[in-house]
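Peer 1: sequence and computational prediction follow.
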Amino acid sequence: MNQNKLFNQTRWKLALSYAGVMGLILSFLGFGVYKAIAHAHLVALDRELESVAGTLHDSLEWKLKQPGQVEPIVGQYLPNLCLVAINCSQTQLDSKRHSLNAINQGNYYIRLFDTSGHLIAIAGNYPEGLPQLLNPKFWQILSDGKGNRYHQISVPLHTQDQQDWGYFQVGRSLQDLHDYLNTVKLILWLGLPISLILIGGASWWLAGLAMRPIYQSYKQIQQFTADAAHELRTPLAATLATVESALLMPHLPETEAKDILLIIERQNRRLTQLVADLLLLARLDKQVAPLRRQRCCLNDLVNDLVEELAALAIASQVNLTSELRVQCSLDIVGDSEQLYRLVSNLIINGIQYTPKGGRITVSLDQSDHQAIIQVKDTGIGIAASEQARIFDRFYRVHSDRSRDTGGSGLGLAIAKAIAAAHQGNLLVQSELGVGSTFTLRLPLDSISPEN
């Protein structure tokens, strides 16, 4: 329970950290997107105002004769033109000029100032409450009495004979732009928490995926520690019990003393072999185990092992044979002693789990630049649920039978590690009550003698 709590806390920390970092990144991106959209629309508005102002400037200067005086013909170019000195009418002028249409369609307003800076005329959709004094600054942002903001451009005007006539200003309300930006801001504000929720869920899932191999490794380390402690404790406990029983005897006959020493020696050998196997596995895992690279004939390896283990097979009343399915000699470069141990572990494992009268066949074949050694038995077989763990250290399908035969549960793990050290692989196929087939594949030309 404490372990699960620890891993869940770590998973939460990973998920929250990932979600927090992504939240900051999305916040900065959202802020950048908002600023980019606002800038793009403001630049577009500037270009519109410049275009309208340029069109009006070119149309009006040819009609102006006296400085500060609005000629009647100017009304044909400006909608709702109204002189400030008289009572303005709200009647729209009917004009077909392109300047008038642009102003009406864009909701622009126009203001005309004399050279003294006094407002003399207004036109278009003029808002109330704007400052009445001239500010000749080229670009301006103004506010009326209601807080509405406007963007305008100021352009100087001249008469037909190039005298200073005054200024005219073209402006437009920023309300549409503000409404659009507020919509964008609302979308970003709503999208951020929704994105964080989705990112949080994805972070939790990804953290679970990341923690899964760590959790499995942790469980394997725990299981390995427990199994190693148990395997080491068994010979030590047996030795201790033997010594204690000998100490309780006041007069120990020589024959019994010799038997006790033999028991201690046997347990010590078992303990020494177990420690040696553990050290070998550790070195193979770290890829620091010294492998003596030399050319090795797999044909001889298979024949020699079958001959040497024939006595063990006969003692177990099992038929052990070999099948060489290749016509030529299959040579690989590797550690002959380790390869010998690999195949012998597979054969001994088959002898241990094959009942009397069974059969074990060791075959050698070649396929696609690979040497294939198969150890097939007619033993008790391995359940499908057990096959995934058959190469785990200290794992036994039938622990009692393994210990009776002297197995430590490391044979197949060592075989798998040796195969990996030689750039090969080891697989198992099995069926309960039918038997098992261990298939070893080794590359024929992946390692050169010089290396």
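Peer 2: Received the coordinates, thanks. Numbers count the residues shown, from 1 in each chain.
Peer 1: and the strands in the stretch 1-150 of the chain?
Peer 2: Under the criterion DSSP state E, counting those that start in this stretch, the stretch 1-150 of the chain contains strands at 82-83, 108-114, 119-124, 139-143, 149-158.
Peer 1: most neighbours per residue, which of those?
Peer 2: Among the strands of the stretch 1-150 of the chain, strand 108-114 has the highest mean neighbour count (mean count of other CB atoms under 10 Å), at a mean of 23. Quick note: C-beta positions are derived from backbone N, CA and C, even for glycine.
Peer 1: what packs against that one?
Peer 2: Using 3 or more CB pairs under 8 Å, 6 or more residues apart in numbering; DSSP states H and E, the elements in contact with strand 108-114 are helix 2-60, strand 119-124, strand 164-173.
Peer 1: ok, now with 10 Å
Peer 2: Packing partners of strand 108-114 (3 or more CB pairs under 10 Å, 6 or more residues apart in numbering; DSSP states H and E): helix 2-60, helix 98-106, strand 119-124, strand 149-158, strand 164-173.
Peer 1: let's have the strands of the stretch 1-150 of the chain in TSV, adding distance to residue 300.
Peer 2: Listed next are the strands of the stretch 1-150 of the chain as TSV, based on distance: least, CB to CB, whole Å:
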stretch	distance to residue 300
strand 82-83	114
strand 108-114	99
strand 119-124	104
strand 139-143	94
strand 149-158	93
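Peer 1: okay, those strands in CSV with distance to residue 306 and mean pLDDT next?
Peer 2: Listed next are the strands of the stretch 1-150 of the chain as CSV, based on distance: least, CB to CB, whole Å; pLDDT from 0 to 100:
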stretch, distance to residue 306, mean pLDDT
strand 82-83, 115, 84
strand 108-114, 101, 87
strand 119-124, 106, 85
strand 139-143, 96, 87
strand 149-158, 95, 90
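Peer 1: where's residue 264, which helix or strand?
Peer 2: If you go by DSSP states H and E, residue 264 is part of helix 254-286.
Peer 1: need the outlier residue of this structure, farthest from its centre.
Peer 2: Relative to the centre of the chain, and counting by CA atoms, centre = their mean, the farthest-placed residue is residue 66 at 75.5 Å.
Peer 1: that residue and residue 163 touch, don't they?
Peer 2: Yes: if you go by CB atoms under 10 Å, residue 66 and residue 163 touch, sitting 8.4 Å apart.
Peer 1: state the distance from residue 123 to residue 432.
Peer 2: Distance from residue 123 to residue 432, counting by CB to CB, to the nearest Å: 97 Å.
Peer 1: ah, wrong one, I meant residue 368
Peer 2: In this view, residue 368 and residue 432 are 31 Å apart by CB to CB.
Peer 1: residue 249 now?
Peer 2: Computed as CB to CB, the residue 249 to residue 432 distance reads 48 Å.
Peer 1: again with residue 275
Peer 2: To residue 432, residue 275 is 34 Å away according to CB to CB.
Peer 1: low-confidence ranges, the protein, go.
Peer 2: Applying pLDDT under 70 to the chain picks out residues 1-3, 79, 85-106, 224, 227, 230-231, 234, 286-291, 396-408, 445-451.
Peer 1: so what are the domain limits for it?
Peer 2: Domains of the chain are assigned by automatic domain parsing as 2-181, 294-443.
Peer 1: would you mind finding the most buried of these?
Peer 2: domain 294-443 comes out most buried of those by mean count of other CB under 10 Å, with a mean of 18.
Peer 1: could you dump the helices and strands packed on strand 108-114 to CSV with distance to residue 242?
Peer 2: What follows is those, written out as CSV (distance: least, CB to CB, whole Å):
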stretch, distance to residue 242
helix 2-60, 38
helix 98-106, 106
strand 119-124, 113
strand 149-158, 99
strand 164-173, 102
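Peer 1: and residue 388, which of those is closest to it?
Peer 2: Closest to residue 388 of the helices and strands packed on strand 108-114, according to CB to CB: helix 2-60, at 21.8 Å.
Peer 1: what helices or strands is the closest one leaning on?
Peer 2: Where contact means 3+ CB pairs under 10 Å, 6+ apart, helix 2-60 is packed against helix 98-106, strand 108-114, strand 139-143, strand 149-158, strand 164-173, helix 175-248.
Peer 1: distance to residue 344 added to those, as TSV?
Peer 2: Listed next are these as TSV, based on distance: least, CB to CB, whole Å:
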stretch	distance to residue 344
helix 98-106	92
strand 108-114	96
strand 139-143	90
strand 149-158	89
strand 164-173	92
helix 175-248	20
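Peer 1: which of these sits closest to residue 378?
Peer 2: Nearest of the helices and strands packed on helix 2-60 to residue 378, taken as CB to CB: helix 175-248 at 29.1 Å.
Peer 1: quickly find the element holding the spatially closest residue to residue 411 that is not a sequence neighbour.
Peer 2: Nearest non-adjacent residue to residue 411, counting by CB to CB, 6 or more residues apart in numbering: residue 345, 4.2 Å away. Using DSSP H and E, residue 345 sits in helix 336-352.
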